[in-house]
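Peer 1: no sequence for this one, just the structure:
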């Protein structure tokens, strides 16, 4: 793998990437209230691969949305890379995500009309890297995930594993310190899933990025530094233990 | 910068083509309606704008080019005497009945002008020559109205108000859409046609003091049909319709108008531009034709907006998750709106260009039928502006949907 080729931004001295204190989330609909999350307290060290596991409906998606700054909790506060994000405005949150967070989605969320290289380039464009530099970096990122020869292909012509690699290359654009991955292996066969896990593992360890992965996949447990287990909106003692 | 907008549009070619067909239709509708309105407006003033006159003198009660009261031939001479006038020529307009050899009747507008003169230009003569109109009972018609007159070529004959008529020349770009076919000829010929079937009695009395001679001309219907009376030169008491004036070089037209009005009581003097504006305004505003054609153009704009809105809204809805992904990745609102607006602009341009080609084709075809669909560079720019505005307005509606996208949508499988 060519993860080493990727440029790294100067890292700050903070040691904790994600901190949550008393985070709660209540959804209101008409006269009904639904407590999706309650009293979440967590601390994820920088550079760790952190798994977030739990049964369907346990609140995993809500929690990762909040931790990624896509949703505002109804209680508690969150610090990402030492910055309090719960008090940020929508615009500030957008800027924070742009420069600090990369996303990997279960359904890949690639732009079907764009080639693999263009999908990565869009992410670079958002971060202000355009033109020839953007194209070169997109190509380099694709090479880093082993897809140097697939840059001109449309997503529909790529396999599931290749699409997810493009998504990872896109998440790496701009060298973010946080990667939020939602079920990154769920749509992949065993071999592809393993390869994706391997890439994520290298990314976290060799670049010092922190990776938060929501998953049901027990194969990932081996590469995780720690596991959070969520049930009924509350953190529980983990049912798996990292063995890697 | 990767153009998501353009790529999204071209992702589904059949849908894109359907969308473009809608915009193209709307742009075509607006252009054709505007072109007809402009063409209609232009056709009503063709003869005025083609003239080399600086000023038109008409009866004070003149409504427009064709609707006025008569002046007297003598006033042409009076006008020539006014300081600053280089040249003055009479113009006669009148209605007549065209009768084909098979007895079919058609109204015609007779236009008599000074053949040797320079101020009146009856369109572009494409067959025959201007001087041939000096021949007795010889006229020129516009190419677009020959079918209506049931004649085809030079030399074809018919009758006007019981007198014979021969087609001596054919013109283009001389005919008003709203007027009956124009028949151009010499002042003498037209005067003869207009007075045929009548005998004239002239009674004059000298005013007290002996300064002015008041004359009354009485037209008496002749009981018997005349054969072909000899063509007589116009007398000072013959009625004319307008006097075309060419000013001396460097002459101030406003001052000259005032002098002409003073020298010719009961008349009004208009510059050529004023005359054209009066005539055009009359047809557009007072006949309701402008409103009707304007409404057509408005319908085109509304149809276009609805079509573009629907297409953009559907496109945005289909790509909602992609917009959510962009938001999650940190794309600014400006960038996301930019995608929708760029999409709107692409649709506008891609719909506008083929629409213009179609319109130019239709315009050329219509010209052969005598219908002016006037598509000027100004119309082209104006319609492009309308299509772009319409598309962006539609895009703004679609943006409302993007604005409300919850970026957390990206985590929903």
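Peer 2: Thanks, I have the structure now. For clarity, every value in this text was computed on a predicted model and none was experimentally measured.
Peer 1: so where do the helices sit in the chain?
Peer 2: I'll assume chain A. All helices of chain A, identified by DSSP state H, fall at A:60-67, A:90-100, A:116-126, A:131-144, A:160-172, A:190-207.
Peer 1: um, chain B though
Peer 2: With helices called from DSSP H, chain B shows them at B:4-11, B:13-44, B:46-50, B:74-81, B:146-149, B:187-195, B:253-263, B:272-281, B:289-318, B:320-328, B:333-368, B:377-403.
Peer 1: list the buried residues of the fifth one.
Peer 2: Looking back up the chat, that one is helix B:146-149. Neighbour counts using 16 or more other C-beta atoms under 10 Å in any protein chain shown place B:146, B:148, B:149 of helix B:146-149 among the buried residues. For the C-beta atoms, the positions are set from N, CA and C on the backbone; glycine is no exception.
Peer 1: lowest-confidence one in those residues?
Peer 2: Lowest pLDDT of the buried residues of helix B:146-149: residue B:148, 88.
Peer 1: name the nearest residue to it, sequence neighbours excluded.
Peer 2: Once flanking residues are discounted, residue B:148 sits nearest to residue B:181: 5.8 Å by C-beta to C-beta, 6 or more residues apart in numbering or on different chains.
Peer 1: go on, residue A:64?
Peer 2: Once flanking residues are discounted, residue A:64 sits nearest to residue A:214: 5.1 Å by C-beta to C-beta, 6+ apart.
Peer 1: and the one you found, what does it touch?
Peer 2: A:51, A:52, A:53, A:60, A:61, A:64, A:181, A:182, A:183 (C-beta atoms under 8 Å, 6 or more residues apart in numbering or on different chains).
Peer 1: any of these buried? List them.
Peer 2: When the contacts of residue A:214 are checked for burial by 16+ other C-beta under 10 Å, the buried set is A:51, A:52, A:53, A:60, A:61, A:64, A:181, A:182, A:183.
Peer 1: check what pLDDT residue A:47 gets.
Peer 2: pLDDT for residue A:47: 88.
Peer 1: ok, the residue lying closest to it once chain neighbours are set aside to chain B distance?
Peer 2: Excluding the flanking residues, the one nearest residue A:47 by C-beta to C-beta, 6+ apart is residue A:208, at 4.7 Å. Noted for residue A:208: a distance of 21 Å to chain B, by C-beta to the nearest C-beta, to the nearest Å.
Peer 1: within range of chain B, give me the residues from chain A.
Peer 2: Within chain A, the positions near chain B by C-beta under 8 Å from any C-beta of the partner chain are A:61, A:64-65, A:68, A:70-71, A:91, A:94-99, A:101, A:103, A:105-107, A:109, A:111-114, A:118, A:121-123, A:125-127, A:130, A:170, A:182-183.
Peer 1: tell me the contacts of the residue in chain B that chain A sits nearest to?
Peer 2: Minimum separation of chain B from chain A (C-beta to the nearest C-beta) falls at residue B:330, amounting to 2.5 Å. For residue B:330, the contacting residues are A:94, A:95, A:96, A:97, A:98, A:99, A:101, A:126, A:127, by C-beta under 8 Å, 6+ apart.
Peer 1: buried ones among the residues you listed?
Peer 2: So, by 16+ other C-beta under 10 Å, the buried ones in the contacts of residue B:330 are A:94, A:96, A:97, A:98, A:99, A:101, A:126, A:127.
Peer 1: now, which of the residues you listed sits nearest residue A:44?
Peer 2: Nearest to residue A:44 out of these is residue A:101 (C-beta to C-beta; 13.3 Å).
Peer 1: surely the closest one touches residue A:179?
Peer 2: Yes: the pair residue A:101 and residue A:179 passes the contact test of C-beta atoms under 8 Å, sitting 7.4 Å apart.
Peer 1: quick check: residue A:130 touching residue A:122?
Peer 2: No: the criterion here is C-beta under 8 Å, and residue A:130 misses it with residue A:122 at 10.2 Å.
Peer 1: who has more neighbours, these two?
Peer 2: Between residue A:130 and residue A:122, residue A:122 has the larger neighbour count (other C-beta atoms under 10 Å in any protein chain shown), namely 27 against 14.
Peer 1: what's residue B:4 in contact with, if anything?
Peer 2: A:111, A:113, A:114, A:122, B:322, B:326, B:339.
Peer 1: determine which two of the residues you listed are furthest apart.
Peer 2: A:113 and B:326 (13.2 Å).
Peer 1: could you export the helices of chain A to JSON lines, including columns for mean pLDDT?
Peer 2: Shown next, in JSON lines, are the helices of chain A (pLDDT from 0 to 100):
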{"stretch": "helix A:60-67", "mean pLDDT": "92"}
{"stretch": "helix A:90-100", "mean pLDDT": "93"}
{"stretch": "helix A:116-126", "mean pLDDT": "95"}
{"stretch": "helix A:131-144", "mean pLDDT": "92"}
{"stretch": "helix A:160-172", "mean pLDDT": "91"}
{"stretch": "helix A:190-207", "mean pLDDT": "79"}
